[in-house]
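In: What follows is a predicted structure for the sequence shown.
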Amino acid sequence: MSNALSTPLRENERIKLIDSIRGLALLGILLMNIMAQAQSYVFYDKMDPRQSMTGLNFFAWAGEMMFFEGTMRGLFSILFGAGTILLLTRLIKSKSGLEPADIFYRRLLWLLVFGLLNAFVFLWPGDILYPYALCGLLLFPFRNLSPKNLLWIAFFVLAIATYRQNSDLYHDKGIIAKGEAVAVLDAKKQPLTDQQKEDLAAYKGLKDKASASGILKEAQKDEKKIKGQSYLSIFRYFTDTNMTLEGDNFYRGGIWDILLFFFIGMALYKSGFLEGKKSNALYATIAVVGIGIGLWLNFTNKQMAYNLKFDMFEMRKQMSFRTYEIRRVFQTMGYLSVLVLAYKAIPLRKIMDLFAPVGQMAFTNYLTQSIYTSIIFY
């Protein structure tokens, strides 16, 4: 890239770069959220078997799942982590004593309140403000760590997240293995012990819930309770859904998903990577390696899901290792490097600047998404 297309970024341009990436990520999140808000949430990452699974439907699904799923949220989380360091740096320079911490934590508590508002009042159970606020409460003690140490923490969190996902996978595999063995005995009319009866019931329950037919039944149940119903009816329905997503699901896996990218964002901002201070060769290398590995891992997963017609029960049986968070890190870092590199090129910078206002009003735009796509769609 020539000097004419790769000029150093001034301080105001570095902040605008972050705003532009945030704006693009937010619009990418909207693209993904529509998959869940315009239909049953169970079809967020799957195709509806009642519709054509070829042609435009296939390309729409494949395009979103291959290129946008998890990566836009990853970018947004990275920028939240970076924003934490940016905010605290400014507060510590201008305030004294406990005031920086006081302001920081009060902002997060308000974010938590608006997250609950978004989930329960604006009817979006996929809200990220509430879990962002909870995870953000943990960041203050890490503000002075070096980029290297922050990346080590991110690697540790990635290991935990990957372990948790595969622990759940092999827990289900155990249920399936025991259940299939007992099912053979049951088919032969052999008497079963109490433990074998429990194993068979767990197996059938998992199969009924995760099979393609079970997923479709869940979607049909959702549609009856959501589409065309009154606001109060939908609110009541989503109360239990929100309690599960914002409670059990968050503490089982969501917390590691979010903290992983928060720490990466903190490290990238402190190192100057997010502001375009590194060499073009480094950004280009990370872009090629990150996107290449990320797309390959994503393709193998989505190909299996499509070939199995989104039967998650069969997916659990055939899958040997979950690489979801690993894939997201590679692909998100690849995208981030492309965007930073593109911003260094003046013609592309002008295009990216168009998205800066979206990023500057990210909070308002995120809440507005729910009002339109949840309340109006439902």
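Out: Okay, I see it.
In: What is the helix or strand that residue 186 is a member of packed up against?
Out: Using DSSP states H and E, residue 186 sits in helix 147-187. On a contact count with 3 or more Cβ pairs under 8 Å, 6 or more residues apart in numbering; DSSP states H and E, helix 147-187 meets helix 194-210, helix 255-271, helix 312-318, helix 324-344. Yep, even glycine has a C-beta here, placed from its N, CA and C like the rest.
In: just how off-centre is that helix within its chain?
Out: Centroid displacement of helix 147-187 relative to its chain, using Cα atoms, centre = their mean, to the nearest Å, is 19 Å.
In: what do you get for stretch 113-124?
Out: Centroid separation between stretch 113-124 and its chain, computed with Cα atoms, centre = their mean, is 18 Å.
In: mean confidence score for that stretch?
Out: In this model, stretch 113-124 carries a mean pLDDT of 92.
In: contact partners of it?
Out: Here stretch 113-124 makes contact (Cβ atoms under 8 Å, 6 or more residues apart in numbering) with 33, 37, 125, 127-133, 231, 234-235, 238-239, 242, 245-246, 363, 366-367, 369-371, 373-375, 378.
In: In helices only, show me these.
Out: 33, 37, 129-133, 231, 234-235, 238-239, 242, 363, 366-367, 369-370 (DSSP state H).
In: Return the members of those classed as buried.
Out: If you count burial by 16 or more other Cβ atoms under 10 Å, the buried members of the ones in helices among the contacts of stretch 113-124 come out as 33, 37, 129-133, 234, 238, 242, 366-367, 369-370.
In: By pLDDT, give me the weakest of those.
Out: Lowest confidence among these: residue 37, with 79.
In: Please determine how far the residue nearest to that one when sequence neighbours are not counted is located from residue 250.
Out: Once flanking residues are discounted, residue 37 sits nearest to residue 373: 4.1 Å by Cβ to Cβ, 6 or more residues apart in numbering. As judged by Cβ to Cβ, to the nearest Å, residue 373 and residue 250 stand 22 Å apart.
In: same question, residue 210
Out: 21 Å.
In: Quick one: residues contacting residue 151.
Out: By Cβ under 8 Å, 6+ apart, the residues touching residue 151 are 263-264, 267.
In: repeat that with 7 Å
Out: Going by Cβ atoms under 7 Å, 6 or more residues apart in numbering, residue 151 touches residue 267.
In: number of nearby residues for the residue nearest to residue 314 when sequence neighbours are not counted?
Out: Distances taken as Cβ to Cβ, 6+ apart place residue 308 nearest to residue 314, at 4.8 Å, with adjacent residues excluded. Look at residue 308: counted by other Cβ atoms under 10 Å, it has 15 neighbours.
In: Can you read off the pLDDT for residue 308?
Out: 96.
In: And it, how close does it get to residue 294?
Out: Residue 308 is 22 Å from residue 294, by Cβ to Cβ.
In: if we can go back for a sec, quick one: average pLDDT of the helix holding residue 186?
Out: 96.
In: now stretch 94-101
Out: 89.
In: which outside residues touch that stretch?
Out: Here stretch 94-101 makes contact (Cβ under 7 Å, 6+ apart) with 88, 91-92, 140.
In: Now residue 241: closest residue in space, sequence neighbours ignored.
Out: Here the residue nearest residue 241, using Cβ to Cβ, 6+ apart, is residue 125, at 4.7 Å.
In: What residues does the one you found make contact with?
Out: Contacts of residue 125 (Cβ under 7 Å, 6+ apart): 41, 119, 238, 241-242, 245.
In: Most widely separated two among those?
Out: The span of these, defined through Cβ to Cβ, is set by 41 and 119 at 12.6 Å.
In: of those two, who's got more company?
Out: residue 119 (26 against 17).
In: Please list all residues in contact with the closest residue in space to the more buried one that isn't next to it in sequence.
Out: Spatial nearest neighbour of residue 119, excluding adjacent residues (Cβ to Cβ, 6+ apart): residue 127 at 4.1 Å. Applying Cβ under 7 Å, 6+ apart, we find residue 127 in contact with 115, 118-119.
In: Ok, residue 325 next?
Out: 158, 161-162, 165, 257, 260.
In: let's see 6 Å
Out: Residue 325 makes contacts with 158, 161-162, as judged by Cβ atoms under 6 Å, 6 or more residues apart in numbering.
In: Find me the pLDDT at it, would you?
Out: 97.
In: Please apply the same query to the one 4 residues further on.
Out: Listed pLDDT for residue 329 reads 98.
In: Who's the closest spatial neighbour of it, skipping the chain neighbours?
Out: Closest to residue 329 by Cβ to Cβ, 6+ apart is residue 158, at 6.5 Å.
In: Let me know whether the one you found touches residue 257 as I believe.
Out: No - counting by Cβ atoms under 6 Å, residue 158 sits too far from residue 257 to count as a contact (9.9 Å).
In: Any chance of the contacts of residue 325 in JSON lines with neighbour count as columns?
Out: Below are those laid out as JSON lines (neighbours: other Cβ atoms under 10 Å):
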{"residue": "158", "neighbour count": "21"}
{"residue": "161", "neighbour count": "24"}
{"residue": "162", "neighbour count": "18"}
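In: Pipe these into a markdown table and attach distance to residue 335 per row.
Out: Putting these into a markdown table (distance: Cβ to Cβ, whole Å) gives the following:
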| residue | distance to residue 335 |
| --- | --- |
| 158 | 17 |
| 161 | 19 |
| 162 | 20 |
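In: Out of those, the closest to residue 45 would be?
Out: residue 161 (17.5 Å).
In: Please report how far the closest one lies from residue 253.
Out: 7 Å.
In: How about residue 79?
Out: According to Cβ to Cβ, residue 79 stands 21 Å off from residue 253.
In: Show me which of those two is the more surrounded one.
Out: Taking other Cβ under 10 Å, residue 79 and residue 253 do not tie; residue 79 has more neighbours (26 against 17).
In: list the buried ones in the helix or strand harbouring that one?
Out: Here residue 79, judged by DSSP H and E, is contained in helix 71-94. Residues of helix 71-94 classed as buried: 71-86, 88, 91 (neighbour count, 16+ other Cβ under 10 Å).
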